[in-house]
Structure formats: structure tokens, C-alpha cells
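Undergrad: Kindly generate the corresponding structure for this input.
(chains A, B, C and D)
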There are 4 protein chains.
Amino acid sequence: MKSNLPDAQNKKDIRNIIIDKVGIKDIRHPVVYIDKNMNKIPTVGNFTMTTTLPKHLKGTHMSRFVEVLNEDSFEFNVDTFHKIVDKTCEKLDSKNAHVALDFIFFRTKKAPATGVESIMDYKVNFYGENIQSKSNLIIKVEVPVTSLCPCSKSVSDRGAHNQRSNITIKVRLINGKSLYIEDLIDIAEKNASCDLYSILKREDEKVVTERAYDNPAFVEDLVRDIAIDLNKNDNIDYYRVESENFESIHNHSAYALIENNKC
Amino acid sequence: MKSNLPDAQNKKDIRNIIIDKVGIKDIRHPVVYIDKNMNKIPTVGNFTMTTTLPKHLKGTHMSRFVEVLNEDSFEFNVDTFHKIVDKTCEKLDSKNAHVALDFIFFRTKKAPATGVESIMDYKVNFYGENIQSKSNLIIKVEVPVTSLCPCSKSVSDRGAHNQRSNITIKVRLINGKSLYIEDLIDIAEKNASCDLYSILKREDEKVVTERAYDNPAFVEDLVRDIAIDLNKNDNIDYYRVESENFESIHNHSAYALIENNKC
Amino acid sequence: MKSNLPDAQNKKDIRNIIIDKVGIKDIRHPVVYIDKNMNKIPTVGNFTMTTTLPKHLKGTHMSRFVEVLNEDSFEFNVDTFHKIVDKTCEKLDSKNAHVALDFIFFRTKKAPATGVESIMDYKVNFYGENIQSKSNLIIKVEVPVTSLCPCSKSVSDRGAHNQRSNITIKVRLINGKSLYIEDLIDIAEKNASCDLYSILKREDEKVVTERAYDNPAFVEDLVRDIAIDLNKNDNIDYYRVESENFESIHNHSAYALIENNKC
Amino acid sequence: MKSNLPDAQNKKDIRNIIIDKVGIKDIRHPVVYIDKNMNKIPTVGNFTMTTTLPKHLKGTHMSRFVEVLNEDSFEFNVDTFHKIVDKTCEKLDSKNAHVALDFIFFRTKKAPATGVESIMDYKVNFYGENIQSKSNLIIKVEVPVTSLCPCSKSVSDRGAHNQRSNITIKVRLINGKSLYIEDLIDIAEKNASCDLYSILKREDEKVVTERAYDNPAFVEDLVRDIAIDLNKNDNIDYYRVESENFESIHNHSAYALIENNKC
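TA: The predicted structure is shown next:
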């Protein structure tokens, strides 16, 4: 059943300019992430969905992007995320589509001494695109950790300044390969001065304090050590690793970035 | 099994000063909201949990707040939210506790002409407290709507500026009474120039455009009309209604607030 | 010269409801703060300006608030801020007005060992109101500092976790009294484990690291010690002090609040 | 006078990994922008400053970046911004440096009917880099405007939904060429359905309402029309234009992007 109302978007456009990306931005929608252990993690997604608009068309059909989201409930992981990108291509009748999804990922961790379990949260972004039948998946995780300053430790008679740091790992998956976001999180956590926990009892606090003191790391060390691990990963052909240290002695951050395009 | 490590928090404090609120702030945790139709809505919670610290105690036990969250999965609605506040009192061995929870609430709506269903998102905050065995629940919902300016309509030969507005309704529930956040959302949406939808087909866009044009409302009208409805509600003894209109003709907002403490 | 266009705001309103606050929100405007040494500190202001609307009036005149800002350049300090509130009353022909102003305050500090000078930034909020000829001024400063955990220090053989904390001091000035925001900042900085600097050379880093280690403070200690200092201040009849510690071992904050209404 | 304290940053590094960018992030500092009319606009800058760290060095000297900011007061425009990048190279003894600066730019505008003057604010970002003696300048302005939906206008008997949109223009200047950010703002404002003002009297509100209604533009039209103007500009060899429309009928944005790398 077609509408009799005028369809302004379907008019011809004579300006002769392709629009690289057009669609909807920042729509919240419930989603379910399937984790490494095949557990279902319900969470809140924030989607930005676009296609490429050919020269001759005046406008895209914005409501169709939202229809893609509302047709089924959306369960996904690294291996199945492409389905929503494919569906966006179909629904919008386009050879190109780009879907970005931000969500909070939850993971249970055991405290290092008492073994008490608690849930940690991580910000994750999936960016999938189809470009003329070629598909790409870029995954970004933000991992909060502890960093302890080697300079402060070496010049001081006691103590050393430390702080929360935000490590961001962004990788592009090679087509046909897979990975787990849990493994990216592990890489960030094991290369930090110490990793974070939601519950730490006194025995645990002793462990994390001493562990951080025994593993001082500049913002430079954090990104280099993570880069070494990412260099070994055969499933990715690009990565970018950043660390932002929210310095406990300044009102600004220390920051470092390494980017590696293997292809 | 008690730890042999020193317990700095349990020391005496001689400064003679009560701390009104002490605890943890901004911890993300998965939660499930039970909506008006008894559907389970999984979402992401952001908790701030505090107790009052007596004069003679040096510190609180921060990890216990997080234990309250991690002991069970947390399903709640207006009638059962007090359980987590009660549990915080118990766990922290305190007569006072305050739990604030921010979450995104999702609700399915039908487009006004085509009836197409889509999901809308709303920011909600629950703030529950126990104060010396007296409990309170304050609920806040943020409802995005359309507002259309009566002045612009009256002075112009055609059109009228309109924009997205954020209506915030905050209410305090009378003890023993109940309400649904869906009903607060309805009050905001029906008093606006028009309400919002995630999917609107052309026929729907015609309806919402004309509805907004036929129902112009100043920021002042929005809060007054909502206040009239809240004045009739016997389940609440306090409300505050605000509207922030993200003016389409300015780079700032128009804003209005009405507060009514019935008790 | 009056406009012949209809004036929708000036119509009668029959709903019989006072609007507590109505006006403009979040408008950026250049301002100049006069500091303790009478230096002019140009900065960017963010204003929210409202008046109370009587029952019988349909709307306020939004453009007049912006005219208050645009008539002159705005230089101010604690003693002269009331002028803009008074002017808002006049311009809007109202007995009540409320003006909130957020701005970044800059202050030069000397590094503790080398004496190297650098500029630190602080978030400040002024909230002035006239209510039926009675005027009030509430001042809020946010002071980032270092906090070092006494528990972590006491249970660990080496090191102690520390982090940036945000201390917020909010005070209400007694009518006719004055104070300097620099003095509120000093109170926060001297009661922390250590204060922050923009430039620290190695000798300075040694000093701040050891100073923090020698002055461990729970979030509870921070707010209590600051409360003691504010209790002694005869120029204020209300204060609220908060500390949010961005824990280096967790992905959430520790938080404490003390409020004292002396009148 | 050299310090006798150990210099951890100057140690050899054996991991053999270049760090693309390392330095400080998000430091606030007072700056002065020189506008097109040579007026001095004092404002608040937010700086991120980095250099490239060679393989063999363990760390950079973070405090030197802050020294670059604190040595002199910083007045700048498009033609002189490179000085702070050059100075960062010198001070850090590096062939590469990257300086990003966010600031609020203020500009006086006359209301379209009454001619009343008021100040508008715009977010601007300068990103300057030196890479092995080659320098680049990338400028980004965010211009809030009104957009009015052609589809809504064409299907509706009266009115048309409109909203505030955020247009972002990012350009790379050709070496030796210049431009004014005022001209980029003008391009965004003239291609919108209407531009924004801080003060609009009733006569002005009539003009902007009717102007928007007479100039409907999809998010696609906004970016295409701006692209046409940027294509004509011989001073730039790259641009990216985006528009985000904060839809008044949805709780999400419509979005479009065109990117053009001329070289």
C-alpha cells in the first residue's frame, strides 16, 4: 500500500554530488551481546546508521533505518554483527551501509586475593560497513586500568603517584577472521600497572596496591606493550591503541597513541 | 573469616562531625525494570549509593555497597525499589541509606496514522532513601517532546518555529502509594505540542506536523498544563516539573520550572 | 517604538499557576572576573537567567534576558555580581530574578620545589537571586586535588593507591559579607593529600609524591577537614562540601557529602 | 642547573616501537583569538599537544608541553597558529608536533529586522601539525542553524517541523594560503533554512520563521549546498562537511556527511 502523499526524497537531484554518509544518529535501542562463553548480555545500544546516497537522488528514507532496528530483537557478537549491516543495505536498497553501535559490556571478575566475584563494565563500539559488497568490521574497547608513574617512583623516597587510565584499543578484523572483545580487554588489563575490580576486600586492596607499585608504567609503556601483543595477532590488519592517564598530580591527562596499518 | 590486616575505617574519629552521605558514585550495573504490563525490560543502571556516617566512626566500608549490587540480579519497579535501599541499610549496618539509580526505559509506541510500532527511550531516575526507618521514593522521568512557539505562529504569515524539548517530571510518592512511570510519561506527552516517535512514515509525519501546529505551547504552557495534571494526583506529595526547549531559532534554551510541595 | 505584531506573551492567563522560574538556559557569553589581586581574568560564561512569572501573565519576554547580557561588557566579582541580578529584575519588571553563571577561573601557582609558575583552572558557579527585595549569593567552586587512601597505605608493604579527586564547596554568603573564591580553593587544596599543578619538574614531582604519601585521607577525611574550616567562617550561613574520588583501583568513584545550614 | 634525580624518561628503550603521538591532553588555558576585524577575542582554550617519540627513547618530557603554554600569553589566528606548533617542536626537540586547540569563538550579529546586536557563540577547533618540517593546519567550526523539513512541509496542510541543526565544517588549508573562520561560518549559515541569533524581537521572529519556511532543506541539502561552496574555495585541499539535525519529531538525529580530498 503506497502513500498518495508527495515523496520529496525520491525527487531527482541535479547538484551532482554523492553524499558519503546519510542516515540516523544516536538512537538508543535494546540489544543483546553474546559473550565468549555464549552468555546473553542484555544492554543498551546507541546506533548510528548510514548509507551512501547516489548523485541523482535527493534524499534517503530515514524511517527505514529505524525499521531495521525494530523488526526483530537484535542479538549479536563479532561473527554476526554483519547481519545488521547487510539488512541495512537491503532495506535502503544501497550497495553501501555503515552501522556504528556503542554499548556497555559487562563481565564478571574475581578479586585477586579473596576471589569475590563482581561485575566490571567496559565501553565498546562496533563499526561495520559494506562498501560495494566488501565488508569490514572495526571494534573498539575502552578499558579502564591503573597506571603508576615510574618517574614518581624513582625520584621519591616513598610512594608513587598513580591514577585511573583509559586504554582504547581499536582493531580492524581481517575478513573471515574472528576475535573476542574479552581478549582485547585482557591485553589492556595485563599490560597495565594493575587492572580494576568493582569489589576489593582489604586483602585484595593489598594485592592491587603492591602489584601497581611493582609494575610502574609510563603512558608510553602502556601503548608500546599493548602494541607488541597486537602485532602478534593474525586476525587483524589494523590497530590503534591509545592511553589517557587522568594524572593524579595534574588537572590534565597524559596521552599516547600508536597506530599500525598492517596492510 | 576475619582479615588480620589493619582496618583503618573502623577507627574512632574525634572530629565530632556526622557525614550526611558517604558511599559509591556512578557504578554501572545490569538491571531489569518491570513495566506496567509486567514485561521485563533489561537495561543498564548507573548507581550512587550512600549511608550516613556517625560522628564516632572514621570511615564506611565501600566494598559492601558493591556487594549489595552483586549478590543477586536486580529486578525492580516503583513498588519494589525500596528492597535495595533496605538491603543497603542492613549490609552497612546503618539506619540511613540513599540509593539513586539512572536508567534508560524503553517503551513501544504506535505511529499515529500507520500504527507502525517502534521503541522510544526515556531517561529515568529513582532515588530511594531510608531515614531513621522512614522511607521515601522520588522518581524523575525525562520526556523528549515537540514544542511549537505560539508567538512565532501568531506573528508569521506561514510556519512556526518548533523544536525538541526535554520535559523533566520529578515526584515524591506518598508512603504506601504507587504509580507507573508510563503514566508520568503520558502526562508529559499529551501536554506537549506533539509527542515523539522513532518511526514515522509520511502519513504519520503529516499528522505530527499538523498536530504540533494546531497545539502551540510556550515553555510556560508546558509546565503549567503538566502542573494541573500533577495537582490532581493523590499519590504524590511533591512535584517539580521543568521544560527545556532547545530553541530552533537560538543557540540557547528556553526554560521553565514549577515546584509544588503539597505537604 | 512599539511593534504592531500580536504579543502572545502579554495575554492574560487563567490557569492560576505561578511559574517559579522561567527564562533562558545555557547561553555562552564573554565575561571578565576580577580576582583577589584585582587582576582581570577574561573567560567564557555560561548563563541561566530566570524570573518568577505571576499567575495572571501568559509568558515572559525571553529576549530581554539576553539584552541584559548584551548591553554592557560584564566584569564581576563576589561583591558586584548582584548588579546583573538587579538589572534582570528591572529589565523584566519582576520582583524576583535568579542568575546562574558557570565559568572557568584561572590562577597562577608556583611549583612546590622549583617555584616554576603555571596556570591552574577551576570550575566556578555563581548563583545570585533577588526574592522580593531580599538578595542571596551562592558560590560553588570545584577543586581537583590528589587523595591517597589510608587503608591502602596501611595494608600494603609498599605504595598506596591515589587518584584525582574533585572537591566541590558550595557556600551561601551572609548579606553584606564578602569572600574570595581563592580562599575557598585554598581550603580545599590544603586539606587534600596534595594539591595539583600544571607544571611539575622532577624535584617537584618528588615533593608532591611524598607529600601525598605522608598525608593519606579517606573521602570522609577530606569533607570533614574542610567542614571544620568552613564552620569557622563567619561570612557564610550555609555550606555543602562534597568529594568525589575517581578511584584508581575501581571504575567508580568514592563519594562523601556534608551539608550545614547554620541559620 | 640540572637535577640530580634519576631521569626515567631519558633511558634507552629496546622495544623498537615508535609512538606516533605522546603528550598532554585536555589542559585548559586562557587564549586570545584575533578575529577578521583584528579585534581581540579573549576565550578559554582546551589544548592537546603531542610529539612523535623515536624508537630508542623511553619517554617524553610532559612538563615541557605545559611550559610552551605558560611562557607567553597566546594570541593567534589562522596565520599565526603555526608558531605554537613550531615552539612545541623546539621545546621538545622533535621534528614532529601536533597541537589541537578547542575554543569558543564569539561574534556579534544584527537581528534581521530590528538590527539589534547580540553575541553568538561557535565551537572552533584548530589542529596544527609539523611532520618532518612540513606543516599542516586543519580548522573545524561548528555552526548551529535552523533546518526545516521539506517532506513535512510538502505533506502537511499547515506548518512544517523544524529544529536546531549542528553543521560541522572541517577544512585543510593549503600551505601558504589563508582563510577566516567567519567565512566558514557564513557558508554554513547562508545554506541553512535560517541562521540563529541570540536576540530576536517579535519583528525578527517573524522574519526568521518565514525565512525558514520558505527555505526548506533536508540534511542532505545542507551538506550538498555547503559542499558546492567549499568546492569553489582555492585555499583548501580537503574538506568534510557534516550536518546533525536534532529532529523535533524524533528522539534521534538525522545526519549527513560529505568528504572531499582534492589532492
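Undergrad: looking at this, A:Asp186 is in a strand?
TA: No. Checked against DSSP: H, G, I helix; E, B strand; the rest coil, A:Asp186 lies outside a strand; its state is helix.
Undergrad: number of nearby residues for the residue in the stretch 101-250 of chain A that chain B sits nearest to?
TA: Across the stretch 101-250 of chain A, the shortest distance to chain B (C-beta to the nearest C-beta) belongs to A:Asp121, at 3.9 Å. C-beta: built from backbone N, CA, C; applies to glycine. Other residues within reach of A:Asp121, judged by other C-beta atoms under 10 Å in any protein chain shown, total 21.
Undergrad: Could you look up the SS state of it?
TA: strand.
Undergrad: Can you check the pLDDT for it?
TA: Reading off the per-residue confidence, A:Asp121 sits at a pLDDT of 98.
Undergrad: what does A:Lys2 give?
TA: At A:Lys2, the pLDDT value in this model is 58.
Undergrad: next one: A:Lys11
TA: On the pLDDT scale, A:Lys11 is placed at 82.
Undergrad: Next one: it from chain C, what distance?
TA: Applying C-beta to the nearest C-beta, to the nearest Å, one obtains 35 Å for the distance of A:Lys11 from chain C.
Undergrad: ok, and the closest non-adjacent residue to that residue?
TA: Across the structure, with C-beta to C-beta, 6 or more residues apart in numbering or on different chains as the measure, the residue nearest A:Lys11 apart from its sequence neighbours is A:Lys58 (4.3 Å).
Undergrad: Now do the contacts for that neighbour.
TA: By C-beta atoms under 8 Å, 6 or more residues apart in numbering or on different chains, the residues touching A:Lys58 are A:8-13, D:218, D:220-221.
Undergrad: A:Ile104 is in contact with the residue of the stretch 101-250 of chain A closest to chain B, correct?
TA: Yes. Proximity of A:Asp121 to A:Ile104 meets the contact threshold set by C-beta atoms under 8 Å, at 5.2 Å.
Undergrad: hey, what's in contact with both of these two?
TA: B:Arg28.
Undergrad: Residue numbers of the stretch 51-200 of chain A in contact with chain D?
TA: With C-beta under 8 Å from any C-beta of the partner chain as the criterion, the stretch 51-200 of chain A meets chain D at residues A:53, A:58-60, A:62, A:66, A:150-151, A:154-155.
Undergrad: between those, which is nearest D:Ala192?
TA: Proximity of these to D:Ala192 was ranked by C-beta to C-beta; the top entry is A:Gly59 with 16.5 Å.
Undergrad: Assign the closest residue to that closest one other than its chain neighbours to helix, strand or coil.
TA: For A:Gly59, ignoring the flanking residues on the chain, the nearest one in space by C-beta to C-beta, 6+ apart is A:Gln9 at 3.2 Å. Per three-state DSSP, the local secondary structure of A:Gln9 is helix.
Undergrad: give me the number of residues near A:Gln9?
TA: 18.
Undergrad: Looks like it contacts D:Phe218 (just checking).
TA: Yes. In this structure, A:Gln9 is within contact of D:Phe218 by C-beta under 8 Å, at 7.3 Å.
Undergrad: so what sits against both of the two?
TA: Common neighbours of A:Gln9 and D:Phe218 (C-beta under 8 Å, 6+ apart) are A:58-59, D:151.
Undergrad: Which of those residues fall in helices?
TA: Of the positions in those, D:Cys151 sit in helices, assigned by DSSP state H.
Undergrad: coming back round to it: list the residues that contact the residue nearest to A:Gly59.
TA: A:57-61, D:151, D:218.
Undergrad: could you dump these to TSV with pLDDT?
TA: Putting the contacts of A:Gln9 into TSV (pLDDT from 0 to 100) gives the following:
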residue	pLDDT
A:Leu57	94
A:Lys58	94
A:Gly59	95
A:Thr60	95
A:His61	95
D:Cys151	96
D:Phe218	97
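Undergrad: what would those residues look like in a markdown table with distance to B:Thr168?
TA: Putting the contacts of A:Gln9 into a markdown table (distance: C-beta to C-beta, whole Å) gives the following:
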| residue | distance to B:Thr168 |
| --- | --- |
| A:Leu57 | 40 |
| A:Lys58 | 38 |
| A:Gly59 | 34 |
| A:Thr60 | 33 |
| A:His61 | 33 |
| D:Cys151 | 30 |
| D:Phe218 | 31 |
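Undergrad: of all these, which comes closest to D:Val116?
TA: Within the set of these, D:Phe218 lies nearest D:Val116; the separation is 31.3 Å, counting by C-beta to C-beta.
Undergrad: can I assume that closest one is in contact with D:Leu148?
TA: No. Under the criterion of C-beta under 8 Å, D:Phe218 makes no contact with D:Leu148, lying 9.7 Å away.
Undergrad: These two: who's more crowded?
TA: Neighbours were counted for D:Phe218 and for D:Leu148 using other C-beta under 10 Å; D:Leu148 has more, 30 against 25.
Undergrad: And the pLDDT at the more buried one?
TA: The model's pLDDT for D:Leu148 equals 98.
Undergrad: which residues does it bridge with?
TA: The partner list for D:Leu148 in beta bridges (DSSP bridges) reads D:Asn162.
Undergrad: List the contacts of it.
TA: D:Leu148 neighbours (C-beta under 8 Å, 6+ apart): B:159, D:160-162, D:193-194, D:212-213, D:215-217.
Undergrad: With respect to chain A, which of those residues is nearest?
TA: Using C-beta to the nearest C-beta as the measure, the one of the contacts of D:Leu148 that approaches chain A most closely is D:Pro216, at 8.5 Å.
Undergrad: Enumerate the residues of the stretch 1-150 of chain A near chain C.
TA: Close to chain C, as judged by C-beta under 8 Å from any C-beta, the stretch 1-150 of chain A has residues A:120-121, A:144, A:146, A:148-149.
Undergrad: and the residue lying closest to A:Arg158 once chain neighbours are set aside, how far is that from chain D?
TA: If you skip the residues right next to it in sequence, A:Arg158 has C:Tyr213 as its closest partner in space, 4.9 Å away by C-beta to C-beta, 6+ apart. C:Tyr213 sits 16 Å away from chain D when distances are taken as C-beta to the nearest C-beta.
Undergrad: buried set for the helix or strand containing C:Tyr213?
TA: C:Tyr213 is part of helix C:202-214 when elements are defined by DSSP states H and E. Burial within helix C:202-214, assessed by neighbour count using 16 or more other C-beta atoms under 10 Å in any protein chain shown, is assigned to C:202-213.
Undergrad: Any stretches of chain A with poor pLDDT?
TA: Low-confidence segments of chain A, defined by pLDDT under 70, span residues A:1-2.
Undergrad: what's the spatially most central residue of it in contact with, if anything?
TA: Here the mean C-alpha position of chain A is nearest to the C-alpha of A:Lys140 (C-alpha atoms, centre = their mean), at a distance of 2.5 Å. Residues counted as contacts of A:Lys140 (C-beta under 8 Å, 6+ apart) are A:124-127, A:168-171.
Undergrad: Inside helices: which ones of these?
TA: Assignment to helices by DSSP H places none of the contacts of A:Lys140 there.
Undergrad: Turn the residues you listed into CSV, including neighbour count and distance to B:Met49.
TA: Converted to CSV, these look like this (neighbours: other C-beta atoms under 10 Å in any protein chain shown; distance: C-beta to C-beta, whole Å):
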residue, neighbour count, distance to B:Met49
A:Val124, 20, 25
A:Asn125, 17, 29
A:Phe126, 24, 31
A:Tyr127, 19, 35
A:Thr168, 18, 29
A:Ile169, 25, 31
A:Lys170, 19, 33
A:Val171, 23, 36
